[in-house]
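[1] Next comes the sequence, and after it the predicted model I'd like to discuss.
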Amino acid sequence: MRHLIDITDFTVEEIEGILDLGDQMIADPAAYRESLRGRILATLFFEPSTRTRLSFESAMLSLGGSVLGFSSADSSSTAKGESLMDTIRTVSCYSDIIAMRHPKEGAPMAGSLKSYVPIINAGDGGHNHPTQTLTDLMTIRRCKGRLSNMVVGLCGDLKFGRTVHSLIGAMSRYEGVEFVLISPPELKVPSYITEELKVKGIPFREVETMEEVMPELDVLYMTRVQKERFFNEADYIRLKDTYILDPEKLRTAKADMSILHPLPRVNEISTRVDDDPRAVYFDQVRNGRFVRMALITTLLNWRENA
Amino acid sequence: MNIDAIHSGIVLDHIKAGRGMDVYRFLKLDEVDCPVAYIRNVRSNALGRKDIIKIDSEIQVDLDVLGYIDPGITVNIIKDGKLVEKKKLSLPEKLVNVITCKNPRCITTVENALDQHFILKDRARGIYRCMFCDAERKSKALR
């Protein structure tokens, strides 16, 4: 049985297939309105989330399916001390597919060892967030018409930013992609990621300001400095305003650069940038719903045809 | 110093000097009831100094654990006073419940029923990675 725990669980061809299906669903949503009638998605959110949980629920409802689940660990049997493995075993008896978010890294993989149905990782601590990556890939592909041959800048919290880790893993499989990693030294990407880039011979640079690299970028992926990822509040306060994108910084950017952000933003992108045609972060939100529709459909099809 | 030759059992030779006690602990040799000799700082042509452990019983030895601690160890199997097999070790591809993940955010820190799985990611540098959270551990042998 196939799960989506890490974006690299899927081949490039499988990802392209999901993105193609997502494009078809955007073009003709009515054609898929009843396609998963009678199927149940369980959304197990052991950590608060609005956007990701609602996008999964919206995706399943848009396909004619139903949704059950919980939105915090307090409202599940975890509060009574039940283990994650037992929760997953139980819920997989009530549903056809599970989307789970958990504060502990590796929790979805642990769940997949015991689940009777496909598991989708909807975020595990600071580790991975592969459905956001599918959303990002879809947005980049719809903007650029390709996922190869481009310079991708990633800015902000690259240490704890799980969307960044997944996106690097996914885009490093395409030809001619170069990464520019823009962060303060305290929030650099974990060494296991840069080591892997070195081993694969994928070009990357680590810089501390976005201004020095802005003219080179085809994509600028902004991230929030997340308070909940810090052990120490003083560190958070010191670093949270370090990287703010505004129209002045964008003056030297390419006319067709795409600005992405997984949202929610705090103040790392000025609202004055929102009307710039290069800002596509709200398109990302819409794409997130359709790519999750395509993902749920694909995983259920794979299971049926296995 | 003389240590008697063993009749049937195992001799762990070419243990990096000073690492013998790690081997002793990982193999839980304090719990076996047969004679065990731990010899430190023996002169060695290849290593300069080495440790040796002699176990006078045909106990099961986890070669993955040994390979992780020190892939240079030679395992000699003795039967009826004769050497019948010599095994060379290497870093194992996978470690299950040999080491634990040190990442405080890893699911293995709270789910007690989970086995600790580590996958070898870089043989030359002895880097293992937690199967769940990707946190790295370096082989003791290569520290």
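    Happy to help now that I have it.

[2] Go ahead and confirm residue B:43 touches residue B:17.
    No - the criterion here is Cβ atoms under 8 Å, and residue B:43 misses it with residue B:17 at 10.1 Å. Just so you know, the C-beta spots here come from the backbone N, C-alpha and C atoms, and that holds for glycine as well.

[3] Identify the contacts common to those two.
    Common neighbours of residue B:43 and residue B:17, using Cβ atoms under 8 Å, 6 or more residues apart in numbering or on different chains, are residue B:49.

[4] was I right about residue A:155 contacting residue A:222?
    Yes - with contact defined as Cβ under 8 Å, residue A:155 counts as touching residue A:222 (5.3 Å).

[5] who has more neighbours, those two?
    residue A:155 (27 against 24; other Cβ atoms under 10 Å in any protein chain shown).

[6] From chain B, how far off is that one?
    Remark: distance between residue A:155 and chain B (Cβ to the nearest Cβ, to the nearest Å) = 22 Å.

[7] so what's that residue up against?
    The neighbours of residue A:155, taking Cβ under 8 Å, 6+ apart as the test, are A:182, A:183, A:210, A:220, A:221, A:222, A:223, A:243, A:245.

[8] out of these, which one sits closest to residue B:80?
    residue A:183 (64.8 Å; Cβ to Cβ).

[9] For the residue of chain B positioned farthest from its centre, give me its contacts.
    For chain B, the residue at maximal distance from the C-alpha centroid (Cα atoms, centre = their mean) is residue B:105, at 28.0 Å. Counting by Cβ under 8 Å, 6+ apart, residue B:105 touches A:103, A:104, A:105, A:125, A:126, A:127, B:133.

[10] Need the residues you listed in TSV (columns: pLDDT).
    Formatted as TSV, the contacts of residue B:105 follow (pLDDT from 0 to 100):
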residue	pLDDT
A:103	94
A:104	95
A:105	95
A:125	88
A:126	82
A:127	87
B:133	94
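
[11] most neighbours, which of these?
    residue A:127 (29 neighbours).

[12] With neighbour numbers in mind, choose between residue B:43 and residue B:17.
    Set residue B:43 next to residue B:17 and count neighbours by other Cβ under 10 Å: residue B:17 wins out with 14 against 8.

[13] Might one say that the more buried one is in contact with residue B:52?
    No - using Cβ under 8 Å, residue B:17 makes no contact with residue B:52, being 10.2 Å away.

[14] if we can go back for a sec, keep only those of the contacts of residue B:105 that are in strands.
    Among these, no residue falls in strands (DSSP state E).

[15] where's residue B:129, which helix or strand?
    Taking DSSP states H and E as the criterion, residue B:129 maps to strand B:127-130.

[16] Partner strands of that strand, with direction?
    Strand pairing for strand B:127-130, determined by DSSP bridges: strand B:117-122 (antiparallel), strand B:136-138 (antiparallel).

[17] Good, we can wrap up now.
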